[in-house]
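In: sequence plus the predicted model coming up.
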Amino acid sequence: MNSNFIQIDISRQKMIRTLVSSIIIFLFAILIWLQQDLEYKLLIEHNFVYQNPNIYQFFRFFTKYGMSIIMLLYSLTVFKSVNHDELASNRSMFFLIIICFATGGIFGDLLKEIIDRSRPVIELGDKILNTDISETSAFPSGHSTKSMALALPFVLMASNKSLFNKIIKALVLFIGLMVCYSRIALQKHYLSDVLGGIAIAMFFVIISIWIVNFAYKRMKLDSDKQMMMNKRLRLLFIGFAIILSMM
């Protein structure tokens, strides 16, 4: 292959470590689900969220706007990376983020329908204060899957050499984890639902790298094509941010 063509490099060690971690987290989620007492108690202890309007709105903010904020941060990161050569290593990341978000999110939603686990409001009844009955099933948490599918590709694959990257990594990871926690705090999902979503997102980082590298190879993606693609992806991130904020 022409060395001028773009590919996402990942070491065998990192790939194996990420895949194994995703499997361990998923198995741990199943174990917690089977045990039940822990996550039942955890949800009941979050009744305080509904007893304090400020705390409720805090967690509601991350549930509703967390993914939109991550999208806007990536739009800023695309702009910085396109215009600053010291961030050139980021330029192959943005298509990866979109593919991971799409594939991980779709797989998680399909798995949710297949497993068809009841939401906490159904199983715990009057033991929790959340009374909102969702039309979708519980496992895995869609918000957790999608938010971490957005955060993890950049967190795991982007370079740590620049301060800007370190800041963006910290922000998207924090927001992604807060989206996950908000699903428990608002009593929408069990801990196992959230862990299952994180595991799926982590697994699809690797799957998405394979998909993106195959696509880059077929496109014969060079630096010029990459720059044009990223300028369009910046608009896509902004569009997703607007759409997600209205859902």
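Out: Perfect, thanks for sending it.
In: check which residues of the longest helix seen in the chain are buried.
Out: Ranked by residue count and defined by DSSP state H, the top helix of the chain is helix 53-83. By neighbour count on 16 or more other CB atoms under 10 Å, the buried set for helix 53-83 is 56, 59, 62-75, 77-78, 80-82. Placement of C-beta: from N, CA and C, glycine included.
In: same question for stretch 11-24.
Out: So stretch 11-24, judged by 16+ other CB under 10 Å, has buried residues T18, S22.
In: for this protein, which segments count as helices?
Out: Under the criterion DSSP H, the chain contains helices at 12-35, 37-44, 48-51, 53-83, 93-115, 120-123, 142-157, 163-185, 191-219, 223-245.
In: how about Y216, what does it touch?
Out: By CB atoms under 8 Å, 6 or more residues apart in numbering, the contact set of Y216 is F5, I6, Q7, I8, S92, F95.
In: residues contacting the second one?
Out: When you say that, I think you mean I6. By CB under 8 Å, 6+ apart, the residues touching I6 are R91, S92, Y216, L221, D222, S223, Q226.
In: need the buried ones from the residues you listed selected in PyMOL.
Out: Selecting only the buried entries of the contacts of I6 in PyMOL, with 16+ other CB under 10 Å as the criterion:
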select buried, resi 91+92+216+221+226
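In: tabulate the contacts of I6 (a markdown table), appending distance to I23.
Out: Listed next are those as a markdown table, based on distance: CB to CB, whole Å:
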| residue | distance to I23 |
| --- | --- |
| R91 | 31 |
| S92 | 26 |
| Y216 | 27 |
| L221 | 31 |
| D222 | 36 |
| S223 | 36 |
| Q226 | 32 |
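In: format the contacts of I6 as JSON lines; extra columns: distance to V49 and pLDDT.
Out: Listed next are those as JSON lines, based on distance: CB to CB, whole Å; pLDDT from 0 to 100:
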{"residue": "R91", "distance to V49": "41", "pLDDT": "85"}
{"residue": "S92", "distance to V49": "40", "pLDDT": "87"}
{"residue": "Y216", "distance to V49": "44", "pLDDT": "89"}
{"residue": "L221", "distance to V49": "46", "pLDDT": "84"}
{"residue": "D222", "distance to V49": "51", "pLDDT": "81"}
{"residue": "S223", "distance to V49": "48", "pLDDT": "82"}
{"residue": "Q226", "distance to V49": "44", "pLDDT": "86"}
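In: let me see the contact set for the residue nearest to the spatial centre of the chain.
Out: For the chain, M148 is the residue whose C-alpha lies nearest the centre (CA atoms, centre = their mean; 1.8 Å). Shown in contact with M148 (CB under 8 Å, 6+ apart): G104, G176, L177, C180, G197, I198, A201, M202.
In: kindly recompute the last result at 10 Å.
Out: Counting by CB atoms under 10 Å, 6 or more residues apart in numbering, M148 touches 70, 100-101, 104, 108, 141, 155, 172-173, 176-177, 179-180, 194, 197-202, 204-205.
In: where in this protein is pLDDT low?
Out: 1-4 (pLDDT under 70).
In: switch to 80 and redo it
Out: The chain contains residues with pLDDT under 80 at 1-5, 247.
In: picking up where we left off before, just the buried ones from the contacts of M148?
Out: Among the contacts of M148, those buried by neighbour count (16+ other CB under 10 Å) are 70, 100-101, 104, 108, 141, 155, 172-173, 176-177, 179-180, 194, 197-202, 204-205.
In: now for the nearest residue to E113 once chain neighbours are set aside, how many residues are close by?
Out: Here the nearest residue to E113 in space, its sequence neighbours aside, is S137; by CB to CB, 6 or more residues apart in numbering that works out to 6.5 Å. Neighbour count of S137, defined by other CB atoms under 10 Å: 18.
In: now do the contacts for S137.
Out: With contacts defined as CB under 10 Å, 6+ apart, S137 is in contact with D109, L111, K112, E113, I114, I115, D116, R117, S118, R119, D193.
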